[in-house]
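> here you go, sequence then predicted model.
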Amino acid sequence: MRSASLVPACGHSFCSDCIQRLPLTRTFSGRQARCPICRIDFLPSTAVPNWSLRSQAVAPDIAAEAAAVQPARSVATFSVAEEPRVQATPPEGALEALQVPPGLARLVRDEANRIALRLFILDNSGSTLNLDGHVMKGARLIQSTRWEEICQSAQIASSLGAATGVPCEFHLLNPLRGLNGDMIEGEDYIRTVRDADGPRLSAFLRRLTPGGVTPLAERLNSLSPRFDAFKRVAGHSGRIAFLVILTDGAPTPPNSGTPTQGAAEAALGALRRISTSYPVRLVCRLCTDDDSAVEFWNRADEEEEVS
């Protein structure tokens, strides 16, 4: 088996690539595959590495081939200028130091070898100043603004990125220079690669006062050069990027704070284009229970062409 993975729903194991190639059927709980052995339905995303099979039941010639094609321990990163840089592998135990359980830490490291970049869009619209957000303080969840919740999520993501060797970029939904301005690292967005970059991100976020609307379609389109650069550098390697949107609202036109059907359609179109044109997976994290926001993102989740 190549990269044996286990289906939790039934306990059967297959090559991870074979699981991903199974035909999918749309169901109430999502797009499901069917186990080729017992025919039980399951979500392919729930498959986890079968470490016992990977270490004990791999044919010697396959194991040698797999070892030969394993990526180097250093992790390639990408700048907007498409100049690859190399980051040293994070020290052993970096995830455990962040209180990630050992089993989960091993799974995260395995996944990190396939991820070349996580790009975050941070919603800094005026509505994120509402006081119905939540942040962790010690072991307690306390009330905060939505913006404070977004900032804490970004800082945690930066720490996890540094602990796994995956570069992170944090871009604003409403850039300081406007949607059509040139983006300068350190002024308009922050790129974090190692723990030492965390204070830069914190200082960047502290300088900001949320304001503006939720022009999601326009912001996604303005980032096309960034995705083009990533595709040119990483496309041949088989590695992917994640686009993570931290937001509190449904899309609006760039000149209005009211969500509209046109803005929603434009945003869905931009998400479709990114999902089908680039090696990019999409993630949305909501810091609100607002009905219009939840309804839009549920609709996006149902899109066949949006990964």
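Now that the structure is in, tell me what you want to look at. Residues are numbered from 1 along each chain as shown.

> all the helices of the stretch 101-250 of the chain, in order from the start?
102-112, 146-164, 198-206, 216-222, 224-234 (DSSP state H, counting those that start in this stretch).

> residue 263 is nearest to which of these?
Comparing the helices of the stretch 101-250 of the chain against residue 263 with CB to CB, the closest turns out to be helix 216-222 (6.5 Å). Just so you know, the C-beta spots here come from the backbone N, C-alpha and C atoms, and that holds for glycine as well.

> now do the closest one: distance to the chain's middle.
17 Å (CA atoms, centre = their mean, to the nearest Å).

> just to revisit the earlier point, make CSV out of the helices of the stretch 101-250 of the chain and add mean neighbour count, distance to residue 288 and mean pLDDT.
Output for these, formatted as CSV (neighbours: other CB atoms under 10 Å; distance: least, CB to CB, whole Å; pLDDT from 0 to 100):
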stretch, mean neighbour count, distance to residue 288, mean pLDDT
helix 102-112, 15, 27, 86
helix 146-164, 21, 6, 95
helix 198-206, 15, 19, 94
helix 216-222, 21, 14, 94
helix 224-234, 17, 26, 86
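
> need those helices in TSV (columns: distance to residue 92).
Converted to TSV, the helices of the stretch 101-250 of the chain look like this (distance: least, CB to CB, whole Å):
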stretch	distance to residue 92
helix 102-112	10
helix 146-164	11
helix 198-206	20
helix 216-222	37
helix 224-234	26
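
> nearest to residue 304 among those would be which one?
So among those, helix 216-222 is nearest, using CB to CB, at 18.6 Å.

> can you show me the strands along the stretch 51-200 of the chain?
With DSSP state E, counting those that start in this stretch as the criterion, the stretch 51-200 of the chain has strands at 75-77, 85-87, 115-122, 133-137, 140-144, 168-172, 189-192.

> which one of the ones you listed lies nearest to residue 274?
Taking these one by one with CB to CB, strand 115-122 is closest: 10.4 Å.

> ok, how many other residues are close to residue 27?
10 (other CB atoms under 10 Å).

> contacts only, for the nearest residue to it once chain neighbours are set aside.
The shortest distance from residue 27 to any non-neighbouring residue, by CB to CB, 6 or more residues apart in numbering, is to residue 41 (7.0 Å). Taking CB atoms under 8 Å, 6 or more residues apart in numbering, we find residue 41 in contact with 9, 25, 27, 32-35.

> among these, which ones are buried?
9, 32-33, 35 (16 or more other CB atoms under 10 Å).

> which one of the residues you listed sits closest to residue 284?
Distances from residue 284 to those, taken by CB to CB, are shortest for residue 32, at 20.9 Å.

> that closest one contacts residue 25, doesn't it?
Yes: judged on CB atoms under 8 Å, residue 32 makes contact with residue 25 at a distance of 5.6 Å.

> related to what we said a few turns ago, flag the least confident of the contacts of residue 41.
For the contacts of residue 41, the weakest pLDDT value sits at residue 27, with 74.

> residues in a beta bridge with that one, which ones?
Assessed by DSSP bridges, residue 27 has beta-bridge partners residue 30.

> please tell me how far it sits from residue 302.
12 Å (CB to CB, to the nearest Å).

> let me have the strands of the stretch 51-200 of the chain in CSV, adding mean neighbour count and distance to residue 179 as columns.
Formatted as CSV, the strands of the stretch 51-200 of the chain follow (neighbours: other CB atoms under 10 Å; distance: least, CB to CB, whole Å):
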stretch, mean neighbour count, distance to residue 179
strand 75-77, 20, 26
strand 85-87, 12, 28
strand 115-122, 23, 12
strand 133-137, 16, 25
strand 140-144, 12, 28
strand 168-172, 23, 10
strand 189-192, 24, 13
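
> CSV for those strands, including distance to residue 217 and mean pLDDT?
Formatted as CSV, the strands of the stretch 51-200 of the chain follow (distance: least, CB to CB, whole Å; pLDDT from 0 to 100):
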stretch, distance to residue 217, mean pLDDT
strand 75-77, 28, 32
strand 85-87, 31, 43
strand 115-122, 12, 94
strand 133-137, 24, 92
strand 140-144, 28, 93
strand 168-172, 15, 95
strand 189-192, 19, 92
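
> turn those into TSV, including distance to residue 162.
Formatted as TSV, the strands of the stretch 51-200 of the chain follow (distance: least, CB to CB, whole Å):
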stretch	distance to residue 162
strand 75-77	11
strand 85-87	9
strand 115-122	11
strand 133-137	19
strand 140-144	24
strand 168-172	8
strand 189-192	7
